[in-house]
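Undergrad: Here is my input; please provide its structure:
(2 chains)
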Amino acid sequence: MRNRLKVLRAERDWSQTDLGDRVGVSRQAVTAIETGKFDPSLPLALKIARLFGQPVEQIFFLEEGADG
Amino acid sequence: MKSTATTAPKRRSTPILVFGTAWIVLYFGARVLLEKAQFATGVRVGIALAPIPFFAGFLWQVIKGIRSADEFERRVHLEALVVAYPLAMLLLMTLALMQRAVELKFEDWSYAHVWIYLPIFYLGGLALARKRYS
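TA: Numbers count the residues shown, from 1 in each chain, chains lettered A, B, ... in the order given. Down below sits the predicted model:
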């Protein structure tokens, strides 16, 4: 699963720690999510989406060919 | 929806350090006493069991820490366990079979020697999991 977290975070000039603090996870968790190594749970994805004021599917999306 | 994902990580290092330090001091103290001094059997058993409550307390604090961690940290610990548990089974099964094949020396392969592999496997699994997600 890919995401636009890094872009959205950069637009607000937030560090990974800032974002982590806002949604209640560690900086390491934000790093792992941004690099696509760790997929957040649905509650966490929804909380991130709410924080950025966007639908969750505009932040997180499946890679091409990964939807089967 | 109950949110388990957004619990802020809490610092629980102080009780872990207190129990861990007490356990390590008592563990090595008990080893020295049991190896170097002569006591009645009841006293020896008491000395051998003295570190156990502190080790149990240490483990309980670690479990509480993992429970209160965020979902990423819990995943890392789960993956560490996924590495450590099969390795522990592999070691114990190998020793069990080797014990039937040859006489394993008590000085090399007693519980005192084997148990230390279990935390080593866990810490190794933890390092692998952290590397995977870094």
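Undergrad: contacts, neighbours, all on C-alpha from now
TA: Fine.
Undergrad: for the chain, what are the low-confidence residue spans?
TA: All of this refers to chain A. A:65-68 (pLDDT under 70).
Undergrad: Sorry, I should have been clearer: chain B.
TA: Using pLDDT under 70, chain B drops low at B:1-12.
Undergrad: how does it look with 90?
TA: By pLDDT under 90, the low-scoring segments of chain B are B:1-14, B:37, B:103-113, B:134.
Undergrad: Distance check, the spatially most central residue of chain B against chain A.
TA: With distances taken as C-alpha atoms, centre = their mean, the residue of chain B nearest its centroid is B:Pro119 (4.3 Å). From B:Pro119 across to chain A, the span is 23 Å (C-alpha to the nearest C-alpha, to the nearest Å).
Undergrad: Can you name every helix or strand that the helix or strand hosting that residue contacts?
TA: Per DSSP states H and E: B:Pro119 is located in helix B:117-133. Packed against helix B:117-133 by the contact rule (3 or more C-alpha pairs under 8 Å, 6 or more residues apart in numbering or on different chains; DSSP states H and E) you find helix B:71-101.
Undergrad: right, is the helix it packs on up against chain A?
TA: Yes. Applying C-alpha under 8 Å from any C-alpha of the partner chain, one finds helix B:71-101 in contact with chain A at B:Glu71, B:Phe72, B:Glu73.
Undergrad: element containing the residue lying closest to the second one once chain neighbours are set aside?
TA: In this case it means B:Phe72. In this structure, B:Phe72 finds its nearest non-sequential neighbour in A:Ala29, 5.4 Å apart by C-alpha to C-alpha, 6 or more residues apart in numbering or on different chains. Assigned by DSSP H and E, A:Ala29 falls within helix A:27-34.
Undergrad: Can you give the contact residues for that helix?
TA: Identification of contacts with helix A:27-34 by C-alpha atoms under 8 Å, 6 or more residues apart in numbering or on different chains yields A:2-6, A:16-17, A:19-20, A:38-40, B:72-73, B:133-134.
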